[in-house]
Every structure is written in structure tokens, then in C-alpha cells.
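**Q** Below are the sequence and a predicted model for it; my questions follow.
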Amino acid sequence: MAKNSIDAYGAAGKTNLLFFDPDALVLVTDKASPLYDPRVELPVSEELAKNINAYGVLQPISVIKNTETGETEVVVGRQRVKAARLANEWRRERGEKPIQVPAQVYRGERRTALTAIIGENELRESESPLGRAEKMRRLMAMGYGEDEVAIAFGCKPATVISTLALLDCCQDVQDAVESSALNLTHARRLSKLPPDEQREKVRELVTAGVGTSGHARARRQRAVMGDAKPRMKTRRLIEGELDASTGERAAALRWVLGLEAADDQPT
């Protein structure tokens with residue numbers, strides 16, 4: 001006797017999938033809705049559409065029923081739905097059977113759907129800093145605390161605070177962060193300055209970072225912000241200075257190198 005799918009795969013349970021014509025699904029564009037995601041406005045990915053045209057939609061989306069309109073709205077999977085629609089346009093032109101989209105019913109409350117959107121999309125493929133800040137702001141407005149927002153985004157509460165500060169920055173600062181010319185820590189400090197001072201300081205920071213990256217950029221920009229730390233000298237550099245020093249300075253350098261104690265040892 002053939003085993004059922006649970007026994008065959010050793011699964012702990014199973015759920016039933018629903019299948020939809022992608023054109024029958026609603027992509028929410030109302031910014032006041034908890035189901036709204038700015039990425040719904042992104043252009044359709046032809047690469048994804050080609051993949052779906054060849055293999056179908058491999059990962060189920062999540063949907064919820066709008067009890068006021070009776071429509072089935074997409075909670076997670078907007079890009080898959082849009083790409084499936086495009087793939088079906090190609091298939092209809094060739095006289096082929098359209099693709100259906102597999103879906104699971106979202107079991108959470110409609111008002112908390114934004115956290116599901118974040119969990120599905122943000123933790124897998126993070127969007128722009130400003131986009132994250134807007135979503136964090138929306139969650140905070142819905143009554144979520146910083147700790148809860150941090151869990152939703154998979155980050156620390158301090159990162160939530162720094163990201164939200166970006167919304168208090170002028171456009172120049174936001175653009176610099178979006179282009180990765182400036183980090184969120186600097187943006188948070190700049191958010192406390194008047195707009196004119198923000199614009200002046202961000203120009204200095206961006207200029208300081210031109211032609212550099214990583215630690216080199218960080219050092220230059222810390223210097224602009226007045227946080228430059230003295231560079232630690234290596235033993236080799238100190239030994240070089242010792243060779244050119246005399247008197248008290250030479251004694252101090254020998255002490256730093258631990259040579260003073262060695263010189264005091266009996267022979």
C-alpha cells in the first residue's frame with residue numbers, strides 16, 4: 001500500500017494549497033492599508049517571469065480575504081503574482097495553458113500583516129534604508145515598540161532608532177545614505193542638526209569618503225565628525241622612534257616596549 005505524503009516524507013503535518021489565476025488576485029496599492037508595500041510599484045521582473053514561464057511558481061504566496069469587498073488580496077508574493085501575469089501573457093500569445101499561482105491563507109490578523117511582509121521580504125532581500133525607515137515608522141504608528149520592530153526586521157533596537165532618524169534628515173542626507181556614501185550612525189547624529197548644517201556637514205562627509213571604502217572611509221568620516229581616534233603605533237614603529245630618541249623620551253619608549261625592566265635585570 002502506498003504511503004501518504006506525511007509518512008513518505010517524514011513530515012510533521014501538511015496544509016492544503018489553493019491555486020489562483022494571478023489576474024484574479026488583488027495587489028493592494030492603498031498606502032493606508034496594512035497590506036501596502038511600496039515594492040508593489042516596482043516594474044515586473046522579466047527574469048522572474050521567464051523563470052515562472054518555464055517552471056511555474058515554485059514558492060506559494062500568502063493571501064487573505066477582504067471581508068468588506070470579498071476580494072482575495074496578496075499578503076506576501078506581489079512580485080511572483082506580477083511575474084506570473086506577464087508569463088501568462090506570453091503563454092496566451094502562444095496558445096498555451098496559463099499558469100496558476102499556489103497560495104496559502106494568511107492566518108494572522110489583517111492589521112498585523114505588515115510584519116509578515118517584512119519577515120518574508122526584508123530578512124531575505126533588504127530594500128533601501130529609507131524604505132525600511134518608512135516601514136518602521138508605520139509599525140511604530142500602529143503601536144509597535146522599538147523591541148518589536150527590531151524583531152520584525154531582524155536587527156537591534158539601536159538600529160531601529162538610527163534608521164528612524166533618517167526620516168528627520170534633509171534630502172541630501174537621505175540621498176547620501178541611499179547611495180551608501182554615508183552610514184546610518186552619521187545620519188542619526190546629523191538628524192539633530194538644523195537642515196542647513198546637515199547639508200553642509202553631509203557634503204564634508206561625502207567628500208571625505210570619495211575614492212575610499214571600508215575602514216579607510218570610516219576613519220576619514222569619523223575625523224569629519226570629530227571622532228577620530230589616535231592611530232595605535234606598532235612595536236616596529238616605536239622601535240624606530242627609539243633609535244632616533246634620547247633622554248627621557250628614549251626612556252619612555254623603552255618602558256612602552258618593556259625594555260626598561262629587561263635592562264634592570266642583573267647580568
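**A** Done, it's in. Being a predicted model, the structure only gives us computed values, none of them experimental.
**Q** From here on, just use CA atoms for contacts and neighbour counts.
**A** Will do.
**Q** Can you verify my assumption that Asn53 contacts Glu89?
**A** No. Counting by Cα atoms under 8 Å, Asn53 does not reach Glu89; the two are 9.9 Å apart.
**Q** between the two, which one's more packed in?
**A** Each of Asn53 and Glu89 has its neighbours counted (other Cα atoms under 10 Å); Asn53 has more, 21 against 15.
**Q** What score does that one have for pLDDT?
**A** With respect to pLDDT, Asn53 has a value of 92.
**Q** Grab the nearest non-local neighbour of it.
**A** Nearest residue to Asn53, sequence neighbours excluded (Cα to Cα, 6 or more residues apart in numbering): Ala87, at 5.1 Å.
**Q** what about the one you found, neighbour count?
**A** So Ala87, with other Cα under 10 Å, has 22 neighbours.
**Q** likewise the one 5 residues further on?
**A** Burial of Arg92 is recorded as 11 neighbouring residues (other Cα under 10 Å).
**Q** Same question for the one 4 residues further on.
**A** Glu96 sits with 11 neighbouring residues when counted by other Cα under 10 Å.
**Q** Repeat that for Arg236.
**A** Per other Cα under 10 Å, the neighbour tally for Arg236 reads 10.
**Q** repeat for Leu27
**A** Neighbours of Leu27 under the rule other Cα under 10 Å: 23.
**Q** Let me see the contact set for Ile61.
**A** Shown in contact with Ile61 (Cα atoms under 8 Å, 6 or more residues apart in numbering): 74-77, 80, 101-104.
**Q** can you list these in a markdown table and add pLDDT and neighbour count?
**A** A markdown table is the format used below for those (pLDDT from 0 to 100; neighbours: other Cα atoms under 10 Å):
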| residue | pLDDT | neighbour count |
| --- | --- | --- |
| Val74 | 92 | 23 |
| Val75 | 89 | 27 |
| Val76 | 87 | 27 |
| Gly77 | 90 | 20 |
| Arg80 | 94 | 23 |
| Val101 | 96 | 25 |
| Pro102 | 95 | 21 |
| Ala103 | 93 | 21 |
| Gln104 | 89 | 17 |
